[in-house]
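Chemist: After the sequence you'll find the predicted model.
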Amino acid sequence: MVKIFFYRLYQLFIMAPVLLVATIVTALLTAIGSILFGGRWWGYWPPHVWARLFCIMTLVRVRVRGRENIDPKTSYVFISNHQGAYDIFTIYGYLNHNFKWMMKKSLEKIPLVGYSCRCAGHIMVDRVNPVGIKQTMDTAKKRLKNGMSLVVFPEGSRSKDGRMAQFKRGAFLLASEFTLPIVPLTLDGSYDVMPKHKKIPMFGTITLTIHKPIPPGAEMNELMKHTHEIINSSLTRYNN
């Protein structure tokens with residue numbers, strides 16, 4: 001309890017002010033750099049450093065397994081489970097592969113951060129608009145070139161209890177349409193750091209497992225099931 005008390009004081013008086021300034025600076029750098037020079041470099045490297053800083057300042061250790069399974073010059077569709085808020089920091093900071101997020105269009109409403117995401121070229125999905133799927137496909141076709149990849153949380157939202165929900169088809173349709181390999185990612189431990197129902201993080205360890213790519217061409221339902229099983233196989237506490 002004493003350790004947690006001092007950790008909360010540290011969060012309030014040191015961590016929170018530093019990360020607030022870092023978030024504003026990163027969003028501005030990303031937006032301005034992407035507008036002036038394009039989002040390939042500026043849309044990835046400032047957030048990459050920011051995400052690492054977030055984990056370091058929060059005293060969250062990230063372990064990565066299987067990085068040798070991917071080639072930085074190859075485009076992939078990364079499919080990940082979604083345990084908590086620190087999934088974003090873990091993937092951004094430690095995957096070490098340039099990518100765009102496929103995210104809900106409603107996230108554009110986040111002050112400054114949403115605007116910087118749009119400038120960086122992340123793919124916004126409008127689930128309300130009937131033509132949203134076609135727009136997503138058209139945007140993705142422009143983005144996924146020359147080693148640029150896509151990261152998707154196919155559950156659609158963060159887990160309520162650490163376990164995986166069923167996957168939605170969107171990411172798999174994109175992988176099939178563009179004949180891209182799927183790389184399953186397992187995030188284990190981020191639920192303990194900051195689950196959906198918590199507003200303040202806790203120190204801990206997150207393990208990011210990068211599995212071997214699944215070649216394109218498999219039948220859709222079988223591909224979804226197989227990907228789900230691979231990701232689930234590396235969850236230690238919350239597997240189904």
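Modeler: That came through, no problem. Numbers count the residues shown, from 1 in each chain.

Chemist: now the strands for the protein?
Modeler: Assigned by DSSP state E, the strands in the chain fall at 60-65, 77-80, 99-104, 123-125, 149-152, 182-188, 204-210.

Chemist: per-stretch mean pLDDT over the ones you listed, give me the minimum one.
Modeler: Mean pLDDT is lowest for strand 123-125 out of these, coming in at a mean of 85.

Chemist: Run through who's touching that strand.
Modeler: The contact list for strand 123-125 (CB atoms under 8 Å, 6 or more residues apart in numbering) reads 100-105, 107-108, 117-118, 132, 136, 139-140, 143, 150, 170. Quick note: C-beta positions are derived from backbone N, CA and C, even for glycine.

Chemist: about what we covered before: adding mean neighbour count and distance to Ile35, write the strands of the chain out as TSV.
Modeler: Output for these, formatted as TSV (neighbours: other CB atoms under 10 Å; distance: least, CB to CB, whole Å):
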stretch	mean neighbour count	distance to Ile35
strand 60-65	16	31
strand 77-80	26	26
strand 99-104	21	16
strand 123-125	21	17
strand 149-152	24	22
strand 182-188	24	30
strand 204-210	20	31
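
Chemist: Kindly present the ones you listed as CSV, with separate columns for distance to Lys3.
Modeler: Formatted as CSV, those follow (distance: least, CB to CB, whole Å):
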stretch, distance to Lys3
strand 60-65, 15
strand 77-80, 31
strand 99-104, 34
strand 123-125, 41
strand 149-152, 34
strand 182-188, 23
strand 204-210, 13
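
Chemist: which one of those lies closest to Arg163?
Modeler: Shortest distance between Arg163 and the strands of the chain, using CB to CB, is found for strand 182-188: 11.7 Å.

Chemist: Can you tell me which helices and strands the closest one packs against?
Modeler: Here strand 182-188 touches strand 77-80, helix 86-94, helix 170-177, strand 204-210, helix 220-233, going by 3 or more CB pairs under 8 Å, 6 or more residues apart in numbering; DSSP states H and E.

Chemist: Repeat the analysis, applying 6 Å as the threshold.
Modeler: strand 77-80, helix 220-233 (3 or more CB pairs under 6 Å, 6 or more residues apart in numbering; DSSP states H and E).

Chemist: If anything else comes up later, I'll come back, but that's it for now.
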